[in-house]
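Asker: quick check, what structure comes out for this input:
(chains A and B)
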Amino acid sequence: MKAELPAKKKTKVRNIQTIIVIYSIIALIMSFDINKIRQDFPILNQKIYNRPLVYFDNAATTQRPQQVIDALNRTYTEYYGNIHRAAHFLADKATLAYEDTREKARNLINAETREQIIFTKGATESINLVAFSYGETFIQEGDEIIVSEMEHHSNIVPWQLMAERKKARIVMLPIDDTGRLLVEKLDSLITDRTRIIAVTHISNVLGTINPVKLIIEKAHARGIHVLVDGAQAVPHLKIDVQELDVDFYAFSAHKMYGPNGVGVLYGKKELLNKMPPYQGGGEMISEVSFAGTTYNELPYKFEAGTPNISGVIAFGAAIDYLQNIGLETIASRENELLNYATSELLKINGLRIYGTQQEKSGVVSFNVEGIHFFDLGTMLDKFGIAVRTGHHCADPLMAHFGIQGTVRASFAFYNTMEEIDRFIDALKKVIAMF
Amino acid sequence: MTINEIQKEIVEEFSAFEDWMDKYGYLIELGNELKDLDPKDKIDQFIIKGCQSRVWLVSDFQDGKIIFRGESDAVIVKGLVALLLRVVSNRTPQEILNNELFFIDEIGLKQHLSPTRSNGLLAMIKQIKLYAVAYNRISEKGD
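Answerer: Here you go, the predicted model:
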């Protein structure tokens, strides 16, 4: 039993705690040297149309630090060979480096074992893999898959393809106008035919951070599996798949400062073992004869053919880079950028932000009354500012808001407050042109 | 004026602008000045969908000439549509088919024709040529 502290002592403890928190924040800020970080990203230090580049399209793809570029280069110049297959020095070294990234990825999301980290070519392929292979084993005619209204097309279409094949049904989990997922509706949407829920961790348009842990708890209570699209989340939040108890988690290296063409699928072992291979080829087999083939173990069962060897190896360098800065530092830095950009944007007349949830990551989508998003984007580009315009591969979400598209600015830890000032200044000038 | 004379005239007009701000300012002006289509023409049948913006293109065939009308929901694209209409509208199908559209490239707005821009403009030019082919066939039959 804990003894109650007298009130005076309580205040003193609280004061000390506050001081510790303040000091840790200062220490965090001190350790984060933005100039040094920007030097790590050679592509950022250039001029576009004679103006310094402001890269605010990080939710589409991030840029790579020199460390990742060097790792790619090193692979090709020092130890490139085909992995897992040969008994020579180069192949051995490449295999070790490749498998080293698997361990790093395991550690990054705190997966139970390295076998549960499957390399794909991106989050899209990870989701397609699950939709196909999980569908083969677990989905019967008349079954239902719940997909949220805010999903990227890559977390809608693979399920539709599977549903068509299996004569299953897609059920939509709606959102409200602030960009909040109506999780309370899950109880009424779940039926005894519901098999899996597919939901994004962070919306690529609204920035909403979804309460995936709650969704997973609700689903598991009814014996339903959950796939989380973590493409937008892994670069910004500390992910712990065991704590989430998630069944499948998909993400992409190119959105986390790594090479493009590399992705990860994490899955629960008992589910992955029950699922048939997604593709056939080399590596994924145990024995092949024309009478029949037996499949390799996890994770190789799902990694047919020669993978993106150099990409995966360099992805290891990206994970190191992220962890060296620290995901807590990254999250707090991006939050500052988001808050500043949001407050400056809201000062502009006729500007509407889509996605106004408290729990939000560094993405801000907006439109300006009377001006088409394409016109805004085209002109901002001329000011050296790279933002995304269009439907962001989320047509159902656009339909929810009754719009054709938005302008989206998305931030990374290497962005600065001065860049936001430059962006706001350019935006005002652009608006005045119309 | 021939199709190429008009194109040269546009190139001349744009050469007067010293920087991109003026150039785009002029495009916006042209876009704002272009008469909107009749709502009854802004239907799916006439839409050319781009990933970024939508373009509507309507055509009539009168006295051997094609009359084009068009619009876009984005003003910059609408400005480019206005320029295109100035070049290709009220022309015979033969004139459209036998001449290259070079002015967009020459006024330094070629990026708007790149497939990555997906603003419907490239598709619009293709559609104009298709109309020309179709009307050409009609007029040949009529002879």
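
Asker: list the buried ones in the host helix or strand of A:M398?
Answerer: For A:M398, the host element (DSSP states H and E) is helix A:395-401. Buried residues in helix A:395-401, defined by neighbour count with 16 or more other Cβ atoms under 10 Å in any protein chain shown: A:396-398, A:400-401. Placement of C-beta: from N, CA and C, glycine included.

Asker: what of stretch A:165-177?
Answerer: For stretch A:165-177, by 16+ other Cβ under 10 Å, it's A:166, A:168, A:173, A:175.

Asker: from memory A:P65 sits against A:Q39, does it?
Answerer: No - taking contacts as Cβ atoms under 8 Å, A:P65 lies outside contact range of A:Q39: 9.4 Å.

Asker: more neighbours: the two, which one.
Answerer: More crowded of A:P65 and A:Q39, by other Cβ atoms under 10 Å in any protein chain shown: A:P65, with 26 against 14.

Asker: next up, phi/psi of the closest residue to that one other than its chain neighbours, please.
Answerer: In space, and not counting its chain neighbours, A:P65 is closest to A:D40: 4.1 Å by Cβ to Cβ, 6 or more residues apart in numbering or on different chains. When quoted as degrees, to the nearest 10, the phi and psi of A:D40 stand at phi -70, psi -20.

Asker: so A:D40 makes contact with A:R64?
Answerer: No - using Cβ under 8 Å, A:D40 is not in contact with A:R64; the gap is 9.1 Å.

Asker: looking at these two, which is more packed in?
Answerer: Comparing A:D40 with A:R64 by other Cβ under 10 Å, the one with more neighbours is A:R64, at 26 against 18.

Asker: and that one, what does it touch?
Answerer: A:41, A:43, A:257-259, A:318 (Cβ atoms under 8 Å, 6 or more residues apart in numbering or on different chains).

Asker: of the residues you listed, grab the buried ones for ChimeraX.
Answerer: Here is the ChimeraX command that selects the buried residues among those (16+ other Cβ under 10 Å):
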select /A:41,257,258,259,318
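
Asker: among the contacts of A:R64, which ones lie close to chain B?
Answerer: For chain B, no contacts are drawn from the contacts of A:R64 by Cβ under 8 Å from any Cβ of the partner chain.

Asker: pick the one among the contacts of A:R64 closest to A:K360.
Answerer: A:Y257 (21.1 Å; Cβ to Cβ).

Asker: dump the residue contacts of the closest one.
Answerer: Contact analysis of A:Y257 by Cβ under 8 Å, 6+ apart lists A:62-65, A:68, A:235, A:318, A:321-322.

Asker: which element is the residue sitting nearest the centre point of chain A on?
Answerer: Nearest residue to the geometric centre of chain A (Cα atoms, centre = their mean): A:A231, 2.0 Å. If you go by DSSP H and E, A:A231 is not part of any helix or strand.

Asker: tell me which parts of chain B are close to chain A?
Answerer: B:20-21, B:24-25, B:28, B:51-54, B:73-77, B:119.

Asker: in ChimeraX, how would I select just the buried ones from the residues you listed?
Answerer: Selecting only the buried entries of these in ChimeraX, with 16+ other Cβ under 10 Å as the criterion:
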select /B:24,25,28,51,52,53,54,73,74,75,76,77,119
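
Asker: what lies in contact with the longest helix seen in chain B?
Answerer: Using DSSP state H, we find that the single longest helix of chain B is helix B:121-142. Outside helix B:121-142, the residues that touch it by Cβ under 8 Å, 6+ apart are B:48-50, B:55, B:57, B:59, B:61, B:64, B:66, B:68, B:70, B:77, B:80-81, B:84, B:88, B:92-94, B:96-97, B:101, B:112-115.

Asker: assign A:T389 to helix, strand or coil.
Answerer: Under DSSP: H, G, I helix; E, B strand; the rest coil, A:T389 falls in the strand class.

Asker: which one is it nearest to, not counting chain neighbours?
Answerer: A:G377 (3.4 Å).

Asker: shouldn't that neighbour be in contact with A:V407?
Answerer: Yes - with contacts counted by Cβ under 8 Å, A:G377 reaches A:V407, the gap being 5.8 Å.

Asker: common neighbours of those two, please.
Answerer: Common neighbours of A:G377 and A:V407 (Cβ under 8 Å, 6+ apart) are A:387-389.

Asker: now render these as TSV, adding pLDDT and neighbour count.
Answerer: Formatted as TSV, the shared contacts of A:G377 and A:V407 follow (pLDDT from 0 to 100; neighbours: other Cβ atoms under 10 Å in any protein chain shown):
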residue	pLDDT	neighbour count
A:V387	97	25
A:R388	96	22
A:T389	95	25
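
Asker: with the residues you listed in mind, which one is nearest to chain B?
Answerer: A:T389 (6.1 Å; Cβ to the nearest Cβ).

Asker: who's that closest one bridged to?
Answerer: A:V407 (DSSP bridges).

Asker: now do the contacts for it.
Answerer: Going by Cβ under 8 Å, 6+ apart, A:T389 touches A:373-374, A:376-377, A:405-408, B:52.

Asker: go with 6 Å
Answerer: With contact set as Cβ atoms under 6 Å, 6 or more residues apart in numbering or on different chains, A:T389 has these partners: A:373-374, A:377, A:407.

Asker: and for A:I224?
Answerer: By Cβ under 6 Å, 6+ apart, the contact list for A:I224 reads A:T194.

Asker: one more time with 7 Å, if that's ok
Answerer: For A:I224, the contacting residues are A:190, A:194-197, by Cβ atoms under 7 Å, 6 or more residues apart in numbering or on different chains.

Asker: closest residue of chain B to chain A?
Answerer: Counting by Cβ to the nearest Cβ, chain B gets nearest to chain A through B:A74 (3.9 Å).

Asker: report pLDDT for the residue in the stretch 101-250 of chain A positioned nearest to chain B.
Answerer: Closest to chain B within the stretch 101-250 of chain A is A:H153: 12.1 Å, counting by Cβ to the nearest Cβ. Looking at A:H153, its pLDDT reads 96.

Asker: for A:A123, same thing?
Answerer: 98.

Asker: surely it and A:D229 touch.
Answerer: Yes - at 6.2 Å, A:A123 counts as touching A:D229 under the criterion of Cβ atoms under 7 Å.

Asker: give me the common contacts of those two.
Answerer: A:A250.

Asker: helices and strands of the chain: which one bottoms out on pLDDT?
Answerer: With no chain named, the answer covers chain A. helix A:7-31 (a mean of 64; mean pLDDT, DSSP states H and E).

Asker: the chain in question should be chain B.
Answerer: strand B:47-49 (a mean of 82).

Asker: and the contacts of it?
Answerer: Here strand B:47-49 has contacts from B:54-57, B:120, B:123-124, B:127, using Cβ under 7 Å, 6+ apart.

Asker: span of stretch A:412-419 from start to end?
Answerer: Counting by Cα to Cα, to the nearest Å, you get 12 Å between the two ends of stretch A:412-419.

Asker: likewise stretch B:71-78?
Answerer: 6 Å.

Asker: stretch A:134-151 now?
Answerer: End to end - Cα to Cα - stretch A:134-151 spans 19 Å.

Asker: how far out from the middle of the chain is it?
Answerer: 21 Å (Cα atoms, centre = their mean, to the nearest Å).

Asker: report the buried residues of it.
Answerer: Quick answer for stretch A:134-151 (16+ other Cβ under 10 Å): A:134-136, A:139, A:143-151.

Asker: contacts for it, please.
Answerer: A:155-156, A:159, A:162-163, A:166-175, A:181, A:189, A:191, A:193-200, A:203, A:206, A:208, A:271, A:274-276, A:394, A:396-397, A:400.

Asker: before we move on, the earlier item: can you redo the shared contacts of A:G377 and A:V407 as a markdown table with distance to A:L345?
Answerer: Shown next, in a markdown table, are the shared contacts of A:G377 and A:V407 (distance: Cβ to Cβ, whole Å):
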| residue | distance to A:L345 |
| --- | --- |
| A:V387 | 12 |
| A:R388 | 15 |
| A:T389 | 15 |
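
Asker: which member of those residues is positioned nearest A:L53?
Answerer: Looking across these and measuring by Cβ to Cβ, the closest to A:L53 is A:V387, at 12.0 Å.
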